[in-house]
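A.B. asks: structure for the following, please:
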Amino acid sequence: MNIIGIIGGVGPFAGVDLTSKIFTQTMARCDQDHLPVALLSFPEKIPDRTDYLLGRVAVNPARPVSHLILQLENLGASVVGIPCNTMHAPGIFDVIQSHLKQKGSRIELLHMVGEVVGFIKAVFPDMQQVGVLSTTGTWKTGVYRHALQRAGFQPMVPERDLQDLVHQAIYNKSYGIKAMSNPIHPKAQQQLIKAARVLKKEGAEGLILGCTEISYAFNQQSLEGLPLFDPTWILARRLIEATYPERLKPLEDFYHYSW
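C.D. replies: Model prediction:
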């Protein structure tokens, strides 16, 4: 059996969100038509990715995540997705890959950031300037910035003060999305909208929701006239494509934004 593996707990709702988006984008007429998915969610075992990248914690989350990936492989997973953008910073993702290689793993680990950039390149070939909203860990390491530049895009990210506002919308313990995910607090949403408006004013033609929690704030395809790119949604499509491509719903069923 070709099982899709998902690393949950990064954050906890992100794994559920990815699973839901896999089911939503699968051609199915009954329960039995849906794809086999294995989700492992052990948030207490995985240190915060941004805290590690900013030097606030010493333990690299790569090691516990690689152990979970090996568990998924033992369950029969052939491909794995990690619904956390910050986890794809080289200082974490490269260590995961190295550990898997040492263990002789044959699993296919998708790189969500690369998949997002590839999607934009394929669907919006004329787009040039792409904005990114993300955690400060992703912002500081330039995960999306470098990937977009390699693909020929001009990345647009918030300046430090605005980035602090975006980060608070995600992490603030009183109103941030990690603290209040369902529903999110209006203050968090407004701070993200403010950042989107600034990036649009500076010339952004599209906007990557570069933290899985940010997508909870925007259940739409565009914001302030900019197409939104949800990495979890894109990752879900790629996981289906890597396992059961014949069961993937056409892109046109979902993506109606006309550029």
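A.B. asks: and stretch 190-205, what's its mean pLDDT?
C.D. replies: Stretch 190-205 shows a mean pLDDT of 96 in the predicted model.
A.B. asks: with stretch 48-57 instead?
C.D. replies: 92.
A.B. asks: first-to-last residue distance for it?
C.D. replies: In stretch 48-57, first residue to last residue: 8 Å (Cα to Cα, to the nearest Å).
A.B. asks: which residues are contacting it?
C.D. replies: 10, 47, 58-61, 84, 86-87, 89, 91-92, 135-138, 140-141, 167, 171 (Cβ atoms under 8 Å, 6 or more residues apart in numbering). For the C-beta atoms, the positions are set from N, CA and C on the backbone; glycine is no exception.
A.B. asks: just the buried residues of those residues.
C.D. replies: 10, 47, 60-61, 84, 86-87, 89, 92, 135-138, 141, 167, 171 (16 or more other Cβ atoms under 10 Å).
A.B. asks: Trp233: which of those residues is nearest?
C.D. replies: Here the nearest of the buried ones among the contacts of stretch 48-57 to Trp233, counting by Cβ to Cβ, is Cys84; it sits at 14.5 Å.
A.B. asks: find the nearest non-adjacent residue to the closest one, please.
C.D. replies: Val10 (3.8 Å; Cβ to Cβ, 6 or more residues apart in numbering).
A.B. asks: spatially nearest residue to His88, not counting backbone neighbours?
C.D. replies: Val113 (4.6 Å).
A.B. asks: could you give the mean pLDDT of the helix or strand in which that neighbour is found?
C.D. replies: Using DSSP states H and E, Val113 falls within helix 112-123. In this model, helix 112-123 has a mean pLDDT of 96.
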